[in-house]
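*Asks:* Got a predicted structure plus its sequence, pasted below:
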Amino acid sequence: MIHRQTRSAAAIATFVAGCALSSGAMAQEWPTGPVHIFVGFPAGSSPDTIARLVAEPLAEALGQPVIVENRPGAGGVIAVKQMLARGGDSFGININGPLTTAQRLIPDLGYDPATDIAPVGLIATSPLVLAVGADFPADDLASFIEAARAEPEAISYGSVGEGSGAHLTVELFADAAGVQLFHIPFQSYAEVTTSILGGEIDSGFMAPSAALPQVEAGSMKMLGVTSVEPFAQVPDVPVMAGAAGLPDDFRAELWNAFIAPTDTDPAIIERLNVELNQILADEGVRDRLLAMGWQAEPGTPADLSQRIEDDTALWGGVIDAVQTAN
């Protein structure tokens with residue numbers, strides 16, 4: 001009996017090892033045709049530019065064309081649905097919203113990020129900056145918070161609408177700082193910027209790359225950045241974490257990530273992750289990302305999975321608070 005059990009265990013071990021070798025061999029032989037990457041925003045947008053920055057060296061590494069497919073709409077959600085519907089060698093490069101907040105904001109979303117999507121790797125992150133016009137009376141975060149506390153809802157801010165990254169960031173900030181700001185939605189971030197410059201609104205949380213030219217021109221000020229560490233594109237802007245009574249771990253970041261359908265072979269995901277991290281290690285790629293306002297963030301699929309879980313909990317709490325208040 002003991003002899004037969006030993007032989008059985010050995011047979012199982014051999015089978016498992018054979019499967020692992022077969023899966024590894026498949027990853028090395030893959031792909032045998034074009035690879036498609038679905039992007040949820042139009043050509044020329046930040047996610048599209050990042051996808052194309054990754055696609056070119058990835059195609060060289062894989063030895064097959066990597067085709068970027070733009071499927072804009074619903075804040076990136078349509079591209080995720082297209083990726084899942086097409087299957088095969090289909091992947092996605094998308095922002096955080098479709099993976100973290102979409103389930104809470106869109107009824108009948110049609111997919112579950114936790115069960116339908118396999119993380120490949122984080123690509124890049126970008127904090128937001130609190131920007132005000134050059135004539136705004138506050139010159140630092142503490143003064144801004146003091147003024148906001150003195151007159152609730154007297155200070156206005158712009159965003160691209162309810163549930164947008166900027167809107168949720170303001171709600172997170174307002175709760176942490178104990179202030180109330182007046183929300184004015186716009187169709188685009190360009191309109192938010194123009195309205196701040198024209199004095200129609202007081203403030204806005206926006207990408208550093210959007211505010212920097214206005215700051216350099218002397219028409220805008222940046223009072224704080226929402227990353228825990230100083231951001232390389234605007235190293236002189238103080239972090240908001242731990243400042244003016246805010247929590248030491250205060251953070252609000254946008255990010256872009258590489259994703260796959262959950263039925264993708266794990267060996268293929270591992271290979272894509274290795275290739276992605278090699279691309280992000282290239283100094284030229286990192287410099288181009290930073291010039292766009294993004295910091296390269298290489299890591300493992302598990303790292304991205306944890307980021308999705310953490311941000312889903314963080315922004316889910318903010319959404320719940322907003323819905324309760326309304």
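*Replies:* That came through fine.

*Asks:* in the helix or strand containing residue 83, what counts as buried?
*Replies:* If you go by DSSP states H and E, residue 83 is part of helix 77-86. Residues of helix 77-86 classed as buried by neighbour count (16 or more other C-beta atoms under 10 Å): 77-84. Heads up, the C-betas are built off the backbone N, CA and C, glycines and all.

*Asks:* Give me the phi and psi for the nearest residue to residue 136 once chain neighbours are set aside.
*Replies:* Leaving aside its sequence neighbours, residue 136 sits nearest to residue 202 (C-beta to C-beta, 6 or more residues apart in numbering; 6.1 Å). Backbone torsions of residue 202, given as degrees, to the nearest 10, read phi -90, psi -40.

*Asks:* Verify the stated contact: residue 157 with residue 196.
*Replies:* No - in this structure, residue 157 is not within contact of residue 196 by C-beta atoms under 8 Å, at 9.0 Å.

*Asks:* what's the overlap in contacts for the two?
*Replies:* 202-204 (C-beta atoms under 8 Å, 6 or more residues apart in numbering).

*Asks:* neighbours around the closest residue to residue 34 other than its chain neighbours, how many?
*Replies:* Of all residues not flanking residue 34 in the chain, residue 65 sits nearest, at 4.4 Å (C-beta to C-beta, 6+ apart). Per other C-beta atoms under 10 Å, the neighbour tally for residue 65 reads 12.

*Asks:* follow-up on the earlier one: could you save the buried residues of helix 77-86 as CSV and add columns showing pLDDT and distance to residue 232?
*Replies:* Formatted as CSV, the buried residues of helix 77-86 follow (pLDDT from 0 to 100; distance: C-beta to C-beta, whole Å):
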residue, pLDDT, distance to residue 232
77, 97, 31
78, 97, 32
79, 98, 29
80, 98, 30
81, 97, 35
82, 97, 34
83, 98, 31
84, 97, 35
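
*Asks:* shaky segments in this structure?
*Replies:* 1-27 (pLDDT under 70).

*Asks:* Could I get the contacting residues of the residue nearest to residue 136?
*Replies:* Counted by C-beta under 8 Å, 6+ apart, residue 202 has contacts 132-133, 136, 155-157, 196.

*Asks:* Show me what the nearest residue to residue 58 once chain neighbours are set aside bridges to in the sheet.
*Replies:* In this structure, residue 58 finds its nearest non-sequential neighbour in residue 66, 5.1 Å apart by C-beta to C-beta, 6+ apart. According to DSSP bridges, the residues that bridge with residue 66 are residue 35.

*Asks:* Distance check, residue 66 against residue 72.
*Replies:* To residue 72, residue 66 is 19 Å away according to C-beta to C-beta, to the nearest Å.

*Asks:* Then residue 285?
*Replies:* 24 Å.

*Asks:* With residue 291 instead?
*Replies:* Residue 291 is 23 Å from residue 72, by C-beta to C-beta.

*Asks:* again, but for residue 64
*Replies:* According to C-beta to C-beta, residue 64 and residue 72 sit 25 Å apart.

*Asks:* Looking at residue 66 and residue 72, which is more packed in?
*Replies:* residue 66 (22 against 16).

*Asks:* dump the residue contacts of that one.
*Replies:* Residue 66 sits in contact with 34-37, 55-56, 58-59, where contact means C-beta under 8 Å, 6+ apart.

*Asks:* Give the buried subset of these as a ChimeraX selection command.
*Replies:* Per 16+ other C-beta under 10 Å, the buried members of the contacts of residue 66 correspond to this ChimeraX selection:
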select :35,36,37,55,58,59
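
*Asks:* among the contacts of residue 66, which two are most distant?
*Replies:* 36 and 56 (14.9 Å; C-beta to C-beta).

*Asks:* Could you check the host helix or strand of residue 166 and say which residues are buried?
*Replies:* According to DSSP H and E, residue 166 maps onto helix 165-177. Using 16+ other C-beta under 10 Å as the burial criterion, the residues of helix 165-177 that qualify are 165-174, 176-177.

*Asks:* Output those as JSON lines; include the columns distance to residue 224.
*Replies:* Below are the buried residues of helix 165-177 laid out as JSON lines (distance: C-beta to C-beta, whole Å):
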{"residue": "165", "distance to residue 224": "16"}
{"residue": "166", "distance to residue 224": "14"}
{"residue": "167", "distance to residue 224": "17"}
{"residue": "168", "distance to residue 224": "17"}
{"residue": "169", "distance to residue 224": "11"}
{"residue": "170", "distance to residue 224": "13"}
{"residue": "171", "distance to residue 224": "16"}
{"residue": "172", "distance to residue 224": "13"}
{"residue": "173", "distance to residue 224": "9"}
{"residue": "174", "distance to residue 224": "14"}
{"residue": "176", "distance to residue 224": "12"}
{"residue": "177", "distance to residue 224": "11"}
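
*Asks:* can you pull the contacts of the most centrally placed residue in the chain?
*Replies:* In the chain, the residue lying closest to the centroid (C-alpha atoms, centre = their mean) is residue 255, at 1.8 Å. By C-beta under 8 Å, 6+ apart, the contact list for residue 255 reads 95-96, 122-126, 297, 307.

*Asks:* Thanks again, I'm all set now.
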